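Visitor: Dropping a prediction and its sequence here:
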Amino acid sequence: MQKFTAIMLDGMSYAAWLFLVAVGLTLIYGVMRILNIAHGAFYAIGAYVCASALGVYYSLGLPGVFAFALMGVVALVAGLIVGLIVERGVLRNLYGRDEVLMVLVTYALFLILEDAVKLIWGVKSYFVYQPYAHFGFIEIGGLPYQVYDLLIVALAVVMGIALWFWLERSRMGRMTTAVVADREISAAMGINVKRVFATTFAIGTIFAVVGGVVTAPKIAVTPGIGVEVIILAFAVVVIGGLGSIPGAAIGAVFAGYARALSVHLAPEFELFAIYAVMAVVLAIRPHGLFARASGRKI
Amino acid sequence: MHKTIIPLCLAGTLTATGAWAQDDTIQIGVPVFLSGPAAGAFGQPERNAAELLFDSINEGSVPAPYDSEGVNGRTIEATFSDEASDAVVEYRNLVDRNGAEVVIGYTSSANCKSVAPLAEELQTLTVFVDCGTPQIFEEVVTDPTYVFRTGLTATTDAVGAARYLVDTGVDLSRVAGINQNYAWGQDNWRDFTGSLEALETGSEIVSEQFPQVYVGQYGAEASALLTSSPTLIFSSFWGGDLEAFVLQAAPRGLFARSQVILTTGEALFPTIPDELPEGTIISARGPFSVFAPENELAEWFRTAYAERFGQEPTYPAWKMAQAVLGVKAAYEKAGEGADSTAAAEAMENLEFEAPSGTVRMSLGNGHQAAQSISYGTYVLEDGEPGVENVITYSAECINPPADQTAAEWIAAGFPGAECD
């Protein structure tokens, strides 16, 4: 019974984290048709900025509970700044180019940002473990579980709902949906497509940065942390279907529980559990679980 | 006529100058992790130690027996390369383009396995600093000439760990392991569980976790370890993975519920000493750092490193210092004018002094170092990390004899082991 509880909690916790790091990737692809490899670098920047900001915060002896508010501010500000700089400085000049070219451009951005991170923060590790330990653990079915991990689940649910609400209920969200359906017609109807792109890219970047910010207190923030994340994020969005927000959520759940099940029941398969799920899904539905049906353009 | 003679003279002069310059300096290639997740925990201290040793050797300021300037009077010129890039390509660059006469470095077992055959092919003295897999001299290069390793193998760590746990009476009835899923982690776990079997502990293996290296998220693994209720958890994690595991598992009470042994635990001293729970059993992968003997070289290294870099050296730095001094000792044993081949011949079965004590290249046909290993229990004394209940096992106790592989020796119950 305790093992079942552990699988349920671990799958949920890992799925929440995967959703946070993957949903921005699928949002940007869905709207802009850019497979953003630099997403992993945005995650790393989030982790580093969080480590630096909280390092200063704790060194001032300020109360621990407000550190969580600072994490939120850091994620929003860093995501907005990095997202807008990349979108305005690089991507805006390349809209309409071939998708493969955009992959190469974002890969180049990824390498540049990785080096920029090393230039700014060096190669040593940074630690801000205080938020992870702040709330301690609770026992669920006899299993001690860190409250911080459960808060990440809550955060993922809130951010997922907020994203859905923005897309479905807000004016900008509806314009974004229209751009997804047909970029040319939307422009003809008076929608400022470039503004929609800039907003979408900034939101997608904020999600990646949030992923890095909430992960920083659990890990050693070191060079290269963005590499593993981008691979996992791709696996998740491919399972769900590139460009689909519900797909990212379902993909994260599939991947999260695949890993949790393998860790608890067959640890020797942990290495490729997520990719095995991806392979099975692609064998059955080559465009992912939630890929939209698209008309053939000639 | 003049047009022909002048270029010829110039060419002759340049060649002579070049030859003179080559004799006066020794080019050493140093591949360490300058980027990626291993850069902070390994690359940085290894690079620091190499720079300190090269400068001090050139100045002649290392204590005896290394107090002569340079290597046989030749000034060391170092080229650092990033181990995180393609190891084989970078090795060729170091030797072919940069003209490295000696290569000292490598942390990753995977990189050592790739580079070892190439070093033999290019006939370049190559000293591995870390990379613990015993496969190097057991399977990859079984009859080495140019490849050496001055650090200990994972076998030493694992056998030492098992002996320490038995000698200190730790409850070994239910044992679990969490190790990275590649040669290093797999070899460690195989040798550790084999050692428990050889020591007849009657342990039940209740959980074997092999997460992907650098994965960083260990919530599920911590749950799996908690639910399997082990009395002992063994881990050979290193670097950022080790730090993340401690940060995620300790607050959930894993270290309080089970005895945990970390074979590379000493590396946490400068990073998260307050987060590592007291009572954890740790090692420094040899007689390094807090486990080092008291001698002039150790005192000099500690002081010089701390003065220059502002913190105590961790075990990767000690291992780099050991490798550099081993090369100097080999060249000086080979004599004036020694080249890479002569130094490699001299290094075979060499016995040399290091900050960690005497190093004997007595295993792997004279190419693998044999040293003692120590384990102890982690304590914080006035906020400073330290160890107590230290037990040191001699090289003869925890290393297989030269004619046996680690797996054979452990499976046979450590024949020939001489333990005090």
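Guide: Arrived safely. Numbering: from 1, shown residues only, chains lettered A, B, ... in the order given.
Visitor: Contact residues of the stretch 1-150 of chain A facing chain B?
Guide: Contact residues (C-beta under 8 Å from any C-beta of the partner chain) of the stretch 1-150 of chain A with chain B: A:2-3, A:6, A:9-11, A:13-14, A:17, A:114, A:118, A:123-125, A:127, A:129, A:132-133, A:136-137, A:143-146, A:149. For glycine as for every other residue, the C-beta is placed from the backbone atoms N, C-alpha and C.
Visitor: so where do the helices sit in the stretch 201-350 of chain B?
Guide: Ranges of helices in the stretch 201-350 of chain B, per DSSP state H, counting those that start in this stretch, are B:219-227, B:239-249, B:254-257, B:296-309, B:315-334, B:340-347.
Visitor: so of the residues of the stretch 1-150 of chain A next to chain B, which ones are in strands?
Guide: By the criterion of DSSP state E, membership of the residues of the stretch 1-150 of chain A next to chain B in strands covers A:137, A:143-146.
Visitor: Need those in TSV (columns: neighbour count).
Guide: Compiled in TSV, those are given as follows (neighbours: other C-beta atoms under 10 Å in any protein chain shown):
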residue	neighbour count
A:Phe137	17
A:Leu143	20
A:Pro144	18
A:Tyr145	22
A:Gln146	22
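Visitor: how about those, which pair is most distant?
Guide: The distance between the two most remote of those (C-beta to C-beta) is 10.8 Å, for A:Leu143 and A:Gln146.
Visitor: and the host helix or strand of A:Thr205, how far out from the chain's middle?
Guide: For A:Thr205, the host element (DSSP states H and E) is helix A:193-215. For helix A:193-215, the separation from the chain centroid amounts to 9 Å (computed by C-alpha atoms, centre = their mean, to the nearest Å).
Visitor: SS state for B:Gly29?
Guide: Using DSSP: H, G, I helix; E, B strand; the rest coil, the structure places B:Gly29 in strand.
Visitor: Can you give me the neighbour number for it?
Guide: Look at B:Gly29: counted by other C-beta atoms under 10 Å in any protein chain shown, it has 24 neighbours.
Visitor: what does whatever helix or strand A:Glu168 lives in rub up against?
Guide: Assigned by DSSP H and E, A:Glu168 falls within helix A:147-169. Under the contact criterion C-beta atoms under 8 Å, 6 or more residues apart in numbering or on different chains, helix A:147-169 has outside partners A:12-13, A:15-17, A:19-20, A:23, A:27, A:131-138, A:172-174, A:176-177, A:203, A:207, A:210, A:214, A:217-218, A:245, A:249, B:219.
Visitor: hmm, try it at 6 Å
Guide: With contact meaning C-beta atoms under 6 Å, 6 or more residues apart in numbering or on different chains, helix A:147-169 is reached by A:12-13, A:16-17, A:19-20, A:132, A:135, A:138, A:173, A:214, B:219.
Visitor: Can you name the two of the residues you listed that sit furthest apart?
Guide: A:Ile138 and A:Gly173 (36.2 Å).
Visitor: who's more crowded, these two?
Guide: Using other C-beta under 10 Å as the criterion, A:Ile138 and A:Gly173 rank with A:Gly173 on top: 18 against 11.
Visitor: what helix or strand does the more buried one sit in?
Guide: With secondary structure defined by DSSP H and E, A:Gly173 is part of helix A:171-181.
Visitor: downstream neighbour of that helix in the secondary structure list?
Guide: helix A:183-188.
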